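Novice: Fold the following, please.
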Amino acid sequence: MSEHFEPACRRMEWLDPFYKQVWEKAFADGIPISGTFELTPRCNFNCKMCYVHLKAEDIPRHGQELTAKEWLRIAQEAKEAGTTWVCVTGGEPLLHPQFAEIWQGLAQMGFFLTLQTNASLITGDIVDLLEQYPPRQAKITLYGTNDDIYEAVCGVKEGFTRANDGIHTLMSMGIPVELVSTIIRQNESDVENMLLYAARHRLKWRPTGEVKPSLRGADTDAVSVRLEQKNIPISLRKMEYFLQHPLDPTRKPCTYCKDYRVGYWVTWDGKMRFCSFLQEPDITVKNHAFQQAWQELLAYEEKLDWPKECKICPARTVCFKCAASLATMSGGLEKISQPYCDKIRQMYAQKKGKLQ
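Specialist: Presented below is the predicted three-dimensional model:
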């Protein structure tokens, strides 16, 4: 393992000093302290930028959802391997047919649980379940502040009304809520209102303009929804910084990820990966022991390198790239996206020329 870089856990200011030491130890020893369980690709929303959502009738073509028994077996082995934090997500995780059994089992194992949901289904039996087994945190996807915006983004009626009701229910239960938003063309005009909504409710809010094409079968048209022109100035500012503080071109892709050597993602059909956006590596945890899958993932992360074109690119010391972003644009981790690379080289030539 190469350690000539600062691991992400050292930049997690939100971590309690004790937990930061725990993460440091996990990084050094390669302990899977943090996991994400993607229960299902099902969702009652049909968001234009989603990379995982599948219609119920399409699921069998892509795989088979893990049962509650399978999830709890994986969870027990993950706990024995050192997992402490677990995020439960989807799709919409509440739509897994055995969600209640899975959630109760995970809670009884003692994990620090985060529930990631669109909040529209926080009613009835789900409320009772969460009152009995509350998550440490609820991470809610907020896509606007009125029903019209939600319909434009998520393709549903009364989406905001239902999500807002769910958010208030969680808050009334004393469950900490964090809001996360993907900003696309359909909700760009409502960004200020989303900020005000978060401020008014005293909630953390993390917006992003990152929209990636799906490699996982979802019907996503990233090109038509992402704010390409708005992201260019951000890319230029990053490039200006890296012209003064060049990147190490020998640093491997996974070392930039916050979950490197400490975290993992388990897909709804039982594959362990380092990133949710990818369709690789093909490491199964459904038919293998968790610890075996984790060791395979660690080995994969160490071996993974940039495409050969990146190693000779003149802009390689200023191109702050994500392996998953490149892969979603090119179709795989060993390929490049020529349009993307051409754009980076053009920006590099432009910025470098101004400094000369």
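
Novice: quick one: contacts for the residue most central in space within the chain?
Specialist: With the centre of the chain defined as its mean C-alpha position, the nearest residue by CA atoms, centre = their mean is S276, 5.9 Å away. Applying CB atoms under 8 Å, 6 or more residues apart in numbering to S276 gives the contacts 36, 38, 51-52, 265, 267. From N, CA and C alone the C-beta is placed, and that goes for glycine too.

Novice: Apply 6 Å and report the result again.
Specialist: With contact taken as CB atoms under 6 Å, 6 or more residues apart in numbering, S276 is in contact with W265.

Novice: Tell me the pLDDT of it.
Specialist: For S276, the model assigns a pLDDT of 93.

Novice: which SS state does it fall under?
Specialist: Here S276 is recorded as coil under DSSP: H, G, I helix; E, B strand; the rest coil.

Novice: How are the strands of the stretch 151-300 of the chain distributed by residue range?
Specialist: Read by DSSP state E, counting those that start in this stretch, the stretch 151-300 of the chain holds these strands, from start to end of the chain: 177-182, 204-208, 263-266, 271-273, 283-284.

Novice: Alpha carbons of the second one, as PDB, please.
Specialist: It stands for strand 204-208. As requested, the backbone C-alpha atoms of strand 204-208 are provided in PDB (Å, rounded to 0.1, in the frame of the first residue of the first chain):
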ATOM      1  CA  LYS A 204     -27.600  20.500   6.800                       C
ATOM      2  CA  TRP A 205     -27.900  20.700   3.100                       C
ATOM      3  CA  ARG A 206     -25.400  19.400   0.500                       C
ATOM      4  CA  PRO A 207     -26.200  20.300  -3.100                       C
ATOM      5  CA  THR A 208     -24.300  18.900  -6.100                       C
END
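
Novice: strand partners of that strand, parallel vs antiparallel please.
Specialist: Applying DSSP bridges, strand 204-208 is found paired with strand 177-182 (parallel).

Novice: quick one: the strand it pairs with to chain centroid distance?
Specialist: Mean-position distance between strand 177-182 and its chain equals 12 Å (CA atoms, centre = their mean, to the nearest Å).

Novice: what's next to that strand, contact-wise?
Specialist: Taking CB under 6 Å, 6+ apart as the criterion, the residues outside strand 177-182 that touch it are 49, 138-142, 170-171, 194, 198, 203-208.

Novice: again, but for stretch 84-101
Specialist: Residues external to stretch 84-101 that are found in contact with it (CB under 6 Å, 6+ apart): 33-44, 53, 68, 111-116, 118, 121, 126, 129.

Novice: Show me which positions of it end up buried.
Specialist: Applying a neighbour-count criterion of 16 or more other CB atoms under 10 Å, one finds 84-96, 98-100 buried in stretch 84-101.

Novice: Please apply the same query to stretch 57-77.
Specialist: Using 16+ other CB under 10 Å as the test for burial, stretch 57-77 gives 59, 63, 65-66, 68, 70-75, 77.

Novice: And the average pLDDT for stretch 220-237 is what?
Specialist: Along stretch 220-237, the predicted confidence averages to a pLDDT of 66.

Novice: circling back: which among the contacts of strand 177-182 count as buried?
Specialist: Burial of the contacts of strand 177-182 was assessed by neighbour count (16+ other CB under 10 Å); the buried members are 49, 138-142, 170, 194, 198, 203, 205, 207.

Novice: quick one, what contacts R185?
Specialist: Going by CB under 6 Å, 6+ apart, R185 touches V225.

Novice: re the thing from before, buried subset of the contacts of stretch 84-101?
Specialist: The neighbour-count criterion (16+ other CB under 10 Å) marks 33-44, 53, 68, 111, 113-116, 118, 121, 126, 129 among those as buried.

Novice: Tell me which of the residues you listed fall in helices.
Specialist: 68, 126, 129 (DSSP state H).

Novice: of all these, which comes closest to M239?
Specialist: Set against M239, the nearest of these by CB to CB is I126 (45.8 Å).

Novice: Just give the closest residue to the closest one, not the sequence neighbours.
Specialist: In space, and not counting its chain neighbours, I126 is closest to L94: 6.0 Å by CB to CB, 6 or more residues apart in numbering.

Novice: and the gap between the residue nearest to the centre of the chain and R185?
Specialist: 23 Å (CB to CB, to the nearest Å).

Novice: Then E178?
Specialist: When CB to CB is applied, the distance between E178 and R185 equals 24 Å.

Novice: What of T67?
Specialist: If you measure T67 against R185 using CB to CB, the figure is 39 Å.

Novice: For the contacts of strand 177-182, which two are the farthest from each other?
Specialist: The largest separation in the contacts of strand 177-182, counting by CB to CB, is between M49 and M171 at 26.2 Å.

Novice: quick one, helices of the stretch 151-300 of the chain?
Specialist: Per DSSP state H, counting those that start in this stretch, the stretch 151-300 of the chain has helices spanning 159-172, 191-200, 222-225, 228-244, 290-303. These are given in chain order.

Novice: Please name whichever of those helices is nearest to F18.
Specialist: So among the helices of the stretch 151-300 of the chain, helix 290-303 is nearest, using CB to CB, at 24.0 Å.
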